[in-house]
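**Q** Take a look and give me a structure for this.
(chains A and B)
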Amino acid sequence: MSKPRFYVTTAIAYPNGRPHMGHAYEAIATDVIARFKRLDGFDVRFLTGTDEHGLKIDQAARAAGKPPKAYVDDMVAPFQSLHESLGISFDRFIRTTDDDHKALVQALWQRMAANGDLYLGRYEGWYSVRDEAYYDEGELVTGEDGGKLSPNGAPVEWTVEESWFFKLSAYQDKLLALYEGHPEYIQPASRFNEMRAFVAGGLSDLSVSRTSFTWGIPVPGDERHVMYVWLDALANYLTGADATGRGSLDGEWWPADLHVVGKDVVRFHAVYWPAFLMSAGIALPKTVFGHGFLLNRGEKMSKSLGNVVDPAAMVDRFGVDRLRWFLCREVAFGEDGSYSDEAIVERTNADLANGIGNLAQRSLSMVAKNLGGVMPVRGEAGETELRLKEAFLSGSEAYFTAMNGLALHKALDALMAMVAAANGYFAENAPWALAKTDVVRMAEVLAATLDATRRIVILAQPFMPGSTAQLLDQLGVAADARDFNGFNVPVDAGKQLPPPAGVFPRITLEG
RNA sequence: GGCAGCGUAGCUCAGUUGGUGAGAGCGCCGGAUUCAUAACCCGGAGGUCGGCAGUUCAAAUCUGCCCGCUGCUACCA
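**A** Sure thing, here's the model as predicted:
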């Protein structure tokens, strides 16, 4: 029996600057989902990468005095090292400058063209020679002399450029039918409603090529044109589905189960992408999830405000698992969220140091001191054990329901309820007092607490892969008993446990 | 301008089809305890549920208006 498959992607980052917290957040959240699925018995493919073509990269490269490819080679490095330090378990880091991708995009174009959906037309708009960019009417500002200027203050002129167009307008009904039949296609629901309204309002054909720059994938048969970056970029998911690296349109991992993207690019994934795929006769992804933005102390991150935080510095300061935990626990997945040093310290001290870490440490240290570090025997379940069991049944059920519904924060809520139940059980039975009166009962209480801790840590693995591995080592959990199949498999009594050591020390702001 | 949504304890938020005296977590205060990372456990304070007016025996929960905020979208300067 083969494992069920799960193909998940992040959006690909545009490397015309350094990675920021938004990139880190998306990568972490997607990684949590990927790890959850692996533990849940799925064969997972996790794709992430960078979107390297387009005018802005071309301009930035020119400003840096480098050829575009050399420029992006430099710029992509910080993104790759960020993934490294965040513990992102991707299977491929795709770059849209990869050869298999270029081949695939051209094949995709030809399929869309063969279906009669591409035609040559004219693209009109306000063009700035200095910016080398087109602007919508609404983006323009009025200059001192009353003339129209680009947002950068450069003069613009109404320009007509030859362009290939995609017959997006022909897909309105098909898209609406898709939404009707698959409301889960766009999540969360608020985004779904927006996209449906957008499509219902009518669609214009989409310009999908440019002649004003050359840093892109050439249009097959019309090399004066390079492809519109979004067609190029979106197709990365298809390229990544062919794990053989040949860039064929029928990669074995397609269709994707989940595209995790920022709320600002939901439209491209929820409208343009399925239309392109329909045109090419390719299956559609199952779900597009638009996550929210991270705000720094409630304010949007921006260079002008000077509040752009380097995620790598956050990892250095707090540790990767604290950062991962905080972002998943404090931010409702799908909503905007806010972070600050104080909030990270407060949240992780409460949940990790006082909660999970202390639970493990207090029980493990008693086993070490009173039982020579040998895993004790579990006893008959009494009233307090039954209550604990009840709490863990409902808690783990809530956890799995939340995870399968992509409600990461709710899953952690459920997990913390289990932590509270375990700490309550421990305090109620006071094994430190039993140590003086009833050592057998004490051992039973410790065994039950250790097993509760083991279950909690197993469920916490997607969120904190490093710390949970350490804790599972201390709890004596075998390497092959750490996935969700092992959830109900207790550690054998009599097993010698290693000496316990705190995994989540309390931290302070000054520290 | 249109559409959608939101405004509930200091903070982040839950609150099913209107009905036991309005909840959780964190923070704060007090108690208890000492196994543990001054942690855990127990208890407490604190809210006229944005405002006004309605519907109803009864509204945080329905209706209208107003204020503030957010998203999508259209357009005019």
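
**Q** Can you get me a residue count around the closest residue to RNA strand B within the stretch 351-500 of chain A?
**A** The nearest approach of the stretch 351-500 of chain A to RNA strand B comes at A:Gly357, 2.2 Å away (Cβ to the nearest atom of the strand). Placement of C-beta: from N, CA and C, glycine included. Counted with other Cβ atoms under 10 Å, residues neighbouring A:Gly357 total 21.

**Q** what about the residue in the stretch 101-250 of chain A positioned nearest to RNA strand B, which helix or strand?
**A** Closest contact between the stretch 101-250 of chain A and RNA strand B, by Cβ to the nearest atom of the strand, is at A:Glu194 (4.0 Å). Here A:Glu194, judged by DSSP states H and E, is contained in helix A:189-200.

**Q** Tell me the first helix or strand C-terminal of that helix.
**A** strand A:206-207.

**Q** does any part of that next one sit near RNA strand B?
**A** No. Using Cβ under 7 Å from any atom of the strand, we find that strand A:206-207 stays clear of RNA strand B, coming within 12.8 Å at best.

**Q** Residues of the stretch 351-500 of chain A that sit close to RNA strand B?
**A** Residues of the stretch 351-500 of chain A lying near RNA strand B (Cβ under 7 Å from any atom of the strand): A:353-355, A:357-358, A:360-363, A:365-366, A:369, A:416, A:420, A:423-424, A:426-428, A:430-433.

**Q** Which ones among those lie within helices?
**A** Residues of those located in helices (DSSP state H): A:358, A:360-363, A:365-366, A:369, A:416, A:420, A:423-424, A:426-428, A:431-433.

**Q** can you tell me which residues contact the nearest residue to the residue of the stretch 351-500 of chain A closest to RNA strand B once chain neighbours are set aside?
**A** Spatial nearest neighbour of A:Gly357, chain neighbours left out: A:Phe504 (3.4 Å); criterion: Cβ to Cβ, 6 or more residues apart in numbering. By Cβ atoms under 8 Å, 6 or more residues apart in numbering, A:Phe504 lies in contact with A:Arg322, A:Thr348, A:Leu352, A:Ala353, A:Ile356, A:Gly357, A:Ser467.

**Q** Shouldn't A:Phe504 be within a helix?
**A** No. Assessed with DSSP: H, G, I helix; E, B strand; the rest coil, A:Phe504 is coil; it does not lie in a helix.

**Q** measure it to A:Met464 for me?
**A** Note on A:Phe504: its distance to A:Met464, by Cβ to Cβ, to the nearest Å, is 9 Å.

**Q** okay, and the common contacts of those two?
**A** Counting by Cβ under 8 Å, 6+ apart, no residue touches both A:Phe504 and A:Met464.

**Q** which other helices and strands contact the helix or strand A:Asp413 falls within?
**A** For A:Asp413, the host element (DSSP H and E) is helix A:408-429. If you count contacts as 3 or more Cβ pairs under 8 Å, 6 or more residues apart in numbering; DSSP states H and E, helix A:408-429 packs onto helix A:21-39, helix A:320-330, helix A:358-371, helix A:383-404, helix A:439-460.

**Q** now what about the shortest one, what contacts it?
**A** Read that as helix A:320-330. If you take Cβ under 8 Å, 6+ apart as the criterion, helix A:320-330 is touched by A:24-25, A:28-29, A:32, A:85-87, A:294, A:311, A:314-315, A:318, A:337, A:339, A:343-344, A:347-348, A:351-352, A:408-409, A:412-413, A:463-467, A:504, A:507.

**Q** before we move on, what about stretch A:468-482?
**A** Stretch A:468-482 is contacted from outside by A:39, A:356, A:360, A:364, A:375, A:450, A:453-454, A:457-458, A:460-461, A:486, A:489, A:491, A:495-498, A:500-501, A:503, using Cβ under 8 Å, 6+ apart.

**Q** what comes up buried for that stretch?
**A** For stretch A:468-482, the neighbour count (16 or more other Cβ atoms under 10 Å) marks A:Thr468, A:Ala469, A:Gln470, A:Leu471, A:Leu472, A:Gln474, A:Leu475, A:Gly476, A:Val477, A:Ala481, A:Arg482 as buried.

**Q** State the pLDDT value of the closest residue to the fourth one other than its chain neighbours.
**A** In other words, A:Leu471. Once flanking residues are discounted, A:Leu471 sits nearest to A:Val457: 4.7 Å by Cβ to Cβ, 6+ apart. Predicted confidence (pLDDT) for A:Val457: 98.

**Q** Might you report the residue contacts of the closest residue to A:Ala24 other than its chain neighbours?
**A** Residue nearest to A:Ala24 in three dimensions, not counting chain neighbours: A:Pro311, with 3.6 Å by Cβ to Cβ, 6+ apart. A:Pro311 makes contacts with A:Pro19, A:His20, A:Met21, A:His23, A:Ala24, A:Leu82, A:Leu86, A:Leu323, as judged by Cβ under 8 Å, 6+ apart.

**Q** Please report the distance of A:Pro311 from A:Glu84.
**A** From A:Pro311 to A:Glu84 the distance is 12 Å (Cβ to Cβ).
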